[in-house]
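Novice: the sequence and its predicted three-dimensional model are supplied below.
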Amino acid sequence: MTLRPADAPLRWTTASSAVVEQVQAVLDFELVAVTRKRGADVVVLQVRDVEDRWQVGEVGAWADTLCARAFDGRAPRLTPDVCAEPGLVQAAAALGFQTGASVSVPLRDDDGELLGSLCALSRRSRGPELAAQAPLLEAFAQVLGALLTAELRLQPALRAAEQADTVDTLTGLADRLAWDRRLAAEERRCVAYGLHAAVLAVAVPALTEVSRELGHGSGHELLGAVGAVLREICPPDAVLARVGGERVGVLLPETTPAQAVVVHNGLRAALVERGVAAATGLAARGPAGAVAAWHEAVGRTSGVRAGDLAPAPPRTQPWPVQDAGADLLVRELLDLARVQVRAQICFVGEWQGDQRIMRGVSSALPIPAGRGDVEPLNGTFCQRILDGRLPRVIADTSCYPAAMELPVTAALGIGSYIGVPVVLSDGSLYGTLCCLSQAPDPELSERDAEVLTAIAASLARVLEPELRAAQAYAAMAARLEPVLRGEATTMVFQPVVSLVDGAVVGSEALARFGGQAHSTQEWFADAERAGLTCELEVATAQAALVAGRDLPGFLALNLSATTLCSPHLPALLDGVDLARLVVEVSEHEQIADYTALLEVLAPLRAQGLRVAVDDAGAGFASLRHVVLLSPELIKLDISLVQGVDTDRTRQALAAALTGFARSTGAQVVAEGVETEAQRTVLRDAGVTLMQGWLESDGVGPEQFMARWGRRAALPAPRRSATPVGQGC
């Protein structure tokens, strides 16, 4: 019998939840949890907490837990009175939970390897009767350990079974529908078992330019080359999917951030070796997190060109999207540093002028500080250590007047402190790595400073791309400024022609940034990275409305859902005759909220605005747009048009979409028509409109009028039916 995912539900989740509930009833403890040990981390898989302080997915440092101390012999596993056990007092205090009694029972696999724990905490101390529950708790732990082991071993087979899914006809990779299914399945595993995972994204922004210069066959070969590299580089259980017109996604199950970086670097090197100009991005999921955030990797890409092996710059402030992989690596290094020097708090700060910006914090104490916080350097231990007023190792702050006079010493109750510089590859100072505790530490020594120095060197390698990316962001924003002002923008217009009588019924506005080294796609990619996509779309739309005001027929503008839902839209459309305007919902981003978009479009459509969906038939996302937006125009994807004169499958798809469009009152526009044979087959299939290089690749407004003004016709009548998508 073929194994299907539905044949093996997550029994572990049900069983562990039931055990936690039963243990809480038997012990009458306020908190009972099942945890998973993952390297230096511990992640909560199941919990019942009467005060709701612990949540499923919460992550901490294993070394700081009561369980770690109980399992290495520093404390008993069943402790009626925590205060009577010196090995547990400090760990209990760090929990922020008034602990009277505790229970820690290990979960192990068949080989005796520690998987995690069944643990419980009570605010009240208990008597010797707690020991009587040991056999029951051990039995529960044995059952959970065996079940967790069995289900973890089953996951590779389940993933293999899930691979029998829908595919993209062009690349042979999984399509967008399969991608979304696999992400959802992996998210369930990550939540249930506390697993790591990662996503790589590969974009080929030059695909359109290559197709324009060398033909669409070359563009498809380029995308196929990317797929071949991915199959060669990625592990066998990776999920490879075409998630958009020029984008490929890779899901890496059970992959730590460090492992993901290795795969990412290997991919980039292979692309360079093959001479493939592409862009790559990385996002990692730790034991806690959400798969939904992984889609950001598709937009978190940096360029790779032949001869360029520079590391992909991770995103950080002021970039609009942060790099989850880099953040996790920083956290792991800070956790390691804190454990190594026996500190309660460890942080890394970047120095910018006279300020220090927190880039990462690891703390066993609740503190009012976190990533991104900014504070003056003057008045910090770091400043005084680097200018020589304090030593880098301070075992007891009370011995140093220069430390005691600092307000932060009293505010945090700092008893010991150690700080070392973080130095970049060019010898410049990035900032400092510091650890502190509230109590003096007489064992703190120069050996600890050397350990921190080694960790600081690793942090520098992780953080330096972040700094360089911020510098690149500033340069990018400056480069975009004239484009946003419209000073470097030229609009051309590609005619939309009737296949019935050859009349021009409208045009699509296309931006060209003349005299610039970047292609149009690269300019929009830069704007996306800088968080200025909306501004660039509005600037090009304004230029199109001015340049195309006298053109015949409708005028089609490419706008993303974000721009359509933004405050910029009313000003953009002020005074515009909406009856001659078509909005093409672009593929620059996913539509997160169709309801909100439909609410924005409804009053505009009532005034005559029409909606077009681009790239129909290319994947799951565009077909979903068709169903939910109910467009007046459906643009048949160029991948279906190319070869339609010789491929019966493409002919059948074109006819099917045309039939669907006719039944909803919409029209189909065939994109990328290059030959008379394609035009003839599409017309016979019932397609009524076309655009493409057979007619023109786009010209200025004066040329447009000179060539097609006499062939112009009025826009096709609007359908009277209410769009079905408006009820979604």
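Specialist: Thanks, I have it.
Novice: what residue ranges in the stretch 501-650 of the chain are flagged as low confidence?
Specialist: Along the stretch 501-650 of the chain, the parts satisfying pLDDT under 70 run over 514-518, 529-531, 586-590, 592, 615-624.
Novice: mind running it again at 50?
Specialist: Scanning the stretch 501-650 of the chain for pLDDT under 50 picks out 588, 619-621.
Novice: all helices of it, in order?
Specialist: Assigned by DSSP state H, counting those that start in this stretch, the helices in the stretch 501-650 of the chain fall at 520-529, 533-547, 561-564, 568-573, 594-606, 620-629, 638-641, 648-664.
Novice: can you say which of the ones you listed is packed in most?
Specialist: Each of the helices of the stretch 501-650 of the chain was scored by mean neighbour count; the highest is helix 638-641, a mean of 24, by mean count of other Cβ atoms under 10 Å. The way it works is simple: take the backbone N, C-alpha and C, and place the C-beta from them, glycine included.
Novice: tell me how far that one lies from the chain's centre.
Specialist: Centroid separation for helix 638-641 versus its chain: 29 Å, with Cα atoms, centre = their mean, to the nearest Å.
Novice: helices or strands up against it?
Specialist: For helix 638-641, the elements it packs on are helix 216-233, helix 648-664, judged by 3 or more Cβ pairs under 8 Å, 6 or more residues apart in numbering; DSSP states H and E.
Novice: lowest average confidence across the ones you listed, which one?
Specialist: Mean pLDDT across the helices and strands packed on helix 638-641 is lowest at helix 216-233; the value there is a mean of 66.
Novice: how distant is the next helix or strand after it from the center of its chain?
Specialist: Along the chain past helix 216-233, the next helix or strand (assigned with DSSP states H and E) turns out to be strand 239-242. Centroid displacement of strand 239-242 relative to its chain, using Cα atoms, centre = their mean, is 16 Å.
Novice: state the mean pLDDT of strand 239-242.
Specialist: Mean pLDDT, strand 239-242: 84.
Novice: coming back round to it: with distance to Leu183 added, can I get the helices and strands packed on helix 638-641 in JSON lines?
Specialist: Formatted as JSON lines, these follow (distance: least, Cβ to Cβ, whole Å):
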{"stretch": "helix 216-233", "distance to Leu183": "17"}
{"stretch": "helix 648-664", "distance to Leu183": "26"}
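Novice: closest one to Pro603 among those helices?
Specialist: Among the helices and strands packed on helix 638-641, the nearest to Pro603 by Cβ to Cβ is helix 648-664 (21.0 Å).
Novice: and the next element down the chain from the closest one?
Specialist: strand 667-670.
Novice: sheet-wise, list the partners of that next one with their directions.
Specialist: strand 633-636 (parallel), strand 689-690 (parallel) (DSSP bridges).
Novice: hmm, back to that, of the helices of the stretch 501-650 of the chain, which is nearest Asp52?
Specialist: Going by Cβ to Cβ, the one of the helices of the stretch 501-650 of the chain nearest Asp52 is helix 594-606, 30.6 Å.
Novice: which residues does the nearest residue to Gln340 once chain neighbours are set aside contact?
Specialist: In space, and not counting its chain neighbours, Gln340 is closest to Val451: 5.1 Å by Cβ to Cβ, 6 or more residues apart in numbering. The contact partners of Val451, taken as Cβ atoms under 8 Å, 6 or more residues apart in numbering, are Ala337, Gln340, Val341.
Novice: go again with 10 Å.
Specialist: Taking Cβ atoms under 10 Å, 6 or more residues apart in numbering as the criterion, Val451 is in contact with Leu336, Ala337, Gln340, Val341, Ile418, Val420, Cys435, Ser445.
Novice: now those residues: which count as buried?
Specialist: Leu336, Ala337, Gln340, Val341, Ile418, Val420, Cys435 (16 or more other Cβ atoms under 10 Å).
Novice: how close does the fourth one sit to Tyr417?
Specialist: I take that to be Val341. Distance, Val341 to Tyr417, by Cβ to Cβ, to the nearest Å: 10 Å.
Novice: shared neighbours of the two, anything?
Specialist: Val393, Cys435, Leu436, Ser437, Asp441, Leu444.
Novice: of those, closest to Gln494?
Specialist: Distance to Gln494, by Cβ to Cβ, is smallest for Cys435 among these, at 61.2 Å.
Novice: quick one: what helix or strand has that closest one in it?
Specialist: Using DSSP H and E, Cys435 falls within strand 429-437.
Novice: nothing else from me, thank you.
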